[in-house]
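J.: I would like the atomic coordinates for the input below:
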Amino acid sequence: MTSAGAEPPPRRLTARGALTRDRIVRAAADLMHANGVAGTTMDQVVEASGTSKSQLYHYFEDKDALVTAVIKMQAARVMELQEPHLEQLNSLQGLRRWRDAVVRFIDERQGAHGCAIGSLASELADRSEPARILLNATFQNWESYIAAGIRRMQDRGELDARADPTELATGIMAAYQGGYLLSQAGRSAQPMALALDLAIRNVEALAQQQKRASDAAS
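T.: Below you'll find the predicted structure:
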């Protein structure tokens, strides 16, 4: 028996059930990224996923439950692209490589539909508190990878140890999200390139400051 106020344990799915649920969430994620959450109906998800309405409601009691699953899937998709670059980040050169990968990704798509997480946050953050909390946690996890890379730069002596990695990571993420929004509107990767360049220059300035301090001490 589940105690009052506690969530019931997740239902164990068969392999076939897990595949069906995943197909529903993938279809919903693609539709919501292209058309927005408000612009996506449960009937459209049923059609796009090739499932029945009874199957959809077997796995998700309502649209809010499906949106929660979509947020988690989009977070996993974004981090799958980001992690290979950010897990190895330990230098300014690595930060620039990440920047180049981001700009290339947006250029290939001409900014269409915006950031998979940012677009959800823009639509849901003021409408659903549970969604806002989940999206904020997603951004914080994403920023933690950048902050960890900046700490590694400090450990290598490339950056001033007094710099706050969390603040720098938040600034870079703000540049990323703002740059993506302008790239989406302009159908061009240039705004993202400019935004990230400015954010990275701030980190470069700290690196130059550290180098001057090291040179003066030697």
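
J.: From now on I want contacts and neighbour counts done on CA atoms only, so please keep to that.
T.: Fine.

J.: Domain map for this structure?
T.: For the chain, automatic domain parsing gives the domain ranges 13-61, 74-217.

J.: Tell me which stretches of the chain form helices.
T.: 15-35, 42-49, 53-59, 63-86, 92-109, 116-124, 129-155, 165-186, 190-217 (DSSP state H).

J.: Now tabulate the ones you listed in a markdown table and tack on mean neighbour count and mean pLDDT.
T.: Listed next are those as a markdown table, based on neighbours: other CA atoms under 10 Å; pLDDT from 0 to 100:
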| stretch | mean neighbour count | mean pLDDT |
| --- | --- | --- |
| helix 15-35 | 18 | 96 |
| helix 42-49 | 16 | 98 |
| helix 53-59 | 15 | 96 |
| helix 63-86 | 17 | 96 |
| helix 92-109 | 17 | 96 |
| helix 116-124 | 19 | 97 |
| helix 129-155 | 19 | 97 |
| helix 165-186 | 20 | 97 |
| helix 190-217 | 16 | 85 |
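
J.: Endpoint to endpoint, stretch 149-166 covers what distance?
T.: Stretch 149-166 stretches 10 Å from its first residue to its last (CA to CA, to the nearest Å).

J.: roughly how far is that stretch from the heart of the chain?
T.: 23 Å (CA atoms, centre = their mean, to the nearest Å).

J.: quick revisit: any chance of the domains of the chain in CSV, with distance to V67 too?
T.: As requested, the domains of the chain are exported to CSV (distance: least, CA to CA, whole Å):
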stretch, distance to V67
domain 13-61, 8
domain 74-217, 8
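
J.: Determine which of those approaches T68 most closely.
T.: Closest approach to T68 among the domains of the chain (CA to CA): domain 74-217, 6.7 Å.

J.: chain center to the closest one: distance?
T.: Counting by CA atoms, centre = their mean, domain 74-217 comes out at 10 Å from the chain centroid.

J.: again, but for stretch 20-32
T.: Distance, centroid of stretch 20-32 to centroid of chain: 18 Å (CA atoms, centre = their mean).

J.: what does stretch 24-36 give?
T.: On CA atoms, centre = their mean, the centre of stretch 24-36 falls 16 Å from that of its chain.

J.: neighbouring contacts of stretch 112-122?
T.: With contacts defined as CA atoms under 8 Å, 6 or more residues apart in numbering, stretch 112-122 is touched by 33-34, 36-37, 71, 74-75, 78, 106, 132, 135, 177, 180-181, 183-184, 187.
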